[in-house]
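Chemist: sequence first, predicted coordinates after that:
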Amino acid sequence: MYTSDDRSRVLHYVCYDLIAAAFFALFGAVYEHFSHEVYSYAMIYAFAVPLIAGALPLTLLLCRKKPVRLPGAGALVLWHAGLASFTVGLVFRGVLEIYGTTNRLMPVYPAAGGILIAAALLAYLIGKPAVQRPEVPQERSF
C-alpha cells in the first residue's frame, strides 16, 4: 500500500526523532549538572516526547506485517511541529523552574502543540491513501 519513498521518508523522521531525544537527554543532563543541584522533572523528561510520541509510533507503523497507510509529508510535518512545541515547552518550563520563576506564556506551548497534533491527525485521516504503482506488463516472446 505504500511505496519505498513513503517508507524512507518515515524512516528519516524516526532517525530525526531519535537524534532529538538524544540531544534533549544530553541537554537536560548538562543543564542540570550546572544548576547547583536544583532539578526539574520537566527538563529531565523532555527527551521522552520525541522518543515516545515520535519514534515509537512511526516505528510501530513501519514494523507491521500488514501494510498500512503511512502518513503523508504534511501530516508528518504537522505532527513533528506539535512534538517540537511540547518539547520546547518542557525545556522552557524546566529552565524557569530551575531559575525559580514563572512566565505567563507557559500555557501557549501545550496549546500550540495540541492544535498542531490535532491538525496532523486530521491531515492523516483525510489524506489520500498512497496509490500503488501499476505493474508494467512484460512483453511475451513467442
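Modeler: Perfect, I can see it now.

Chemist: CA atoms for contacts and neighbours, from now on please.
Modeler: OK.

Chemist: around Asp5, how many other residues sit close by?
Modeler: Burial of Asp5 is recorded as 9 neighbouring residues (other Cα atoms under 10 Å).

Chemist: and for Gly100?
Modeler: By other Cα under 10 Å, neighbour count at Gly100 equals 9.

Chemist: how much space between it and Gly94?
Modeler: 10 Å (Cα to Cα, to the nearest Å).

Chemist: again with Arg104
Modeler: 15 Å.

Chemist: of these two, who's got more company?
Modeler: Gly94 (23 against 6).

Chemist: for that one, pull up the helix or strand it's in.
Modeler: In this assignment (DSSP states H and E), Gly94 forms part of helix 73-99.

Chemist: just the mean pLDDT for that helix, thanks.
Modeler: Helix 73-99 shows a mean pLDDT of 94.

Chemist: quick one: buried residues of stretch 14-27?
Modeler: Buried positions in stretch 14-27, judged by neighbour count with 16 or more other Cα atoms under 10 Å: 14, 16-22, 24-25, 27.
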